[in-house]
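Chemist: missing the sequence, but the structure's below:
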Ligand code: UT7
């Protein structure tokens, strides 16, 4: 019998109802539907009005509990990964547990920007593999609209709100999380960050006037790193596990830009039919992109399918996970 692996046994996603189209953005900043679509692949994104990030998470987690017939009491650990927590502290994970009636778990947030979901899956899987925890939820969510300057055309066209949650459980059938590769490099902070609101520059009238509570991104620099690092780590994990592009069933890439995804797939020699892409509907939801992909593709995934998830984000952070899907469509 093989040793315990952590397997994803359910997934659920949620996006808010309100949609912000490229056409509407073109009335707000100097841009066009054509520029956004050809340079990013995005047609529209969902925007959460009035409520906080935990609202997205609560919908995703409650839906997940319902569809997997899991009682909130059975959950023993919950990780939330987000860069837009409800508050600086406490952790949004604690708030989610409270709102979902999860009372027998410990919970905390992981912050690794766009790599947060795969970092969190790897973290959760270690608790399951060690035998200490049996039902773990990882929720990746962001309300990016809360940190976006809607007068800055370089960033406001890219991001959206949404996310999803997965349930991880022990499995001995040889399916589940097989391997992971991660790295980070703090030198990347110069190219992608939010200047104020932390201990370096607490909120003040000056920081607000200088618009320092918004995402700052040097798009071109980030683009180049994203292609190289996602492709390198995905190729490395395939080599380490002796999988060829023919063996692989699905590439599950972070959704930052269709051109990044296509360049990564090309370097990996993966045909586009095997690449999950839904950026056109949601934009870049940061920690939410990969769970939203798994949610939308759940009905196409079969037990034993080989998936490589890969991501790159602020930090810089990057990495890949190789997993075998654990269940057939229900
Ligand atoms: O998820 C975490 C990591 N984030 C990423 O991976 C994002 C990586 N970066 C990107 O996706 C792309 O760099 C962007 C989508 C952000 C920008 O696309 P780009 O092709 O790199 O454009 P650029 O910044 O080189 O700008 C090209 C031109 C510039 O005009 P000039 O200087 O050539 O006259 C920009 O001012 O496009 C202009 N531009 C726009 N024009 C219309 C920039 N944003 C817009 C816009 N609408 N929204």
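Modeler: That came through, no problem. As the structure is a prediction and not an experimental result, all values here were calculated from the model. Numbering: from 1, shown residues only.
Chemist: residue contacts, the nearest residue to residue 288 once chain neighbours are set aside?
Modeler: With sequence-adjacent residues excluded and distances taken as CB to CB, 6 or more residues apart in numbering, residue 288 is closest to residue 163, at 3.2 Å. C-beta here means a position set from N, CA and C on the backbone, and glycine is covered the same way. Applying CB atoms under 8 Å, 6 or more residues apart in numbering, we find residue 163 in contact with 13-14, 53, 56-57, 60, 82, 139-142, 285, 287-288, 291-292.
Chemist: hmm, try it at 6 Å
Modeler: Contacts of residue 163 were listed using CB atoms under 6 Å, 6 or more residues apart in numbering, and they are 56, 60, 140, 141, 288.
Chemist: helix or strand for the fourth one, which one?
Modeler: Right, residue 141. strand 136-143 (DSSP states H and E).
Chemist: strand partners of that strand, parallel vs antiparallel please.
Modeler: strand 77-81 (parallel), strand 161-171 (antiparallel) (DSSP bridges).
Chemist: for residue 81, see how far away residue 20 is.
Modeler: 24 Å (CB to CB, to the nearest Å).
Chemist: then residue 228?
Modeler: From residue 228 over to residue 81 (counting by CB to CB), the distance is 23 Å.
Chemist: between these two, point out the one with more neighbours.
Modeler: residue 81 (31 against 15; other CB atoms under 10 Å).
Chemist: so the more buried one sits against residue 287, correct?
Modeler: Yes: taking CB atoms under 6 Å as the definition, residue 81 is a contact partner of residue 287 at 4.6 Å.
Chemist: overlap in contacts, these two.
Modeler: 116, 117, 140.
Chemist: the ligand: which of the residues you listed is nearest?
Modeler: Nearest to the ligand among the shared contacts of residue 81 and residue 287: residue 116, at 10.7 Å, using CB to the nearest ligand atom.
Chemist: ok, that closest one - contacts?
Modeler: By CB under 6 Å, 6+ apart, the neighbours of residue 116 are 81, 110, 287.
Chemist: tell me which parts of this protein are close to the ligand?
Modeler: Counting by CB under 6 Å from any ligand atom, the residues of the chain close to the ligand are 31, 35-36, 39-40, 114, 153-154, 157-158, 219-220, 222-223, 226, 256-257, 260, 284, 313.
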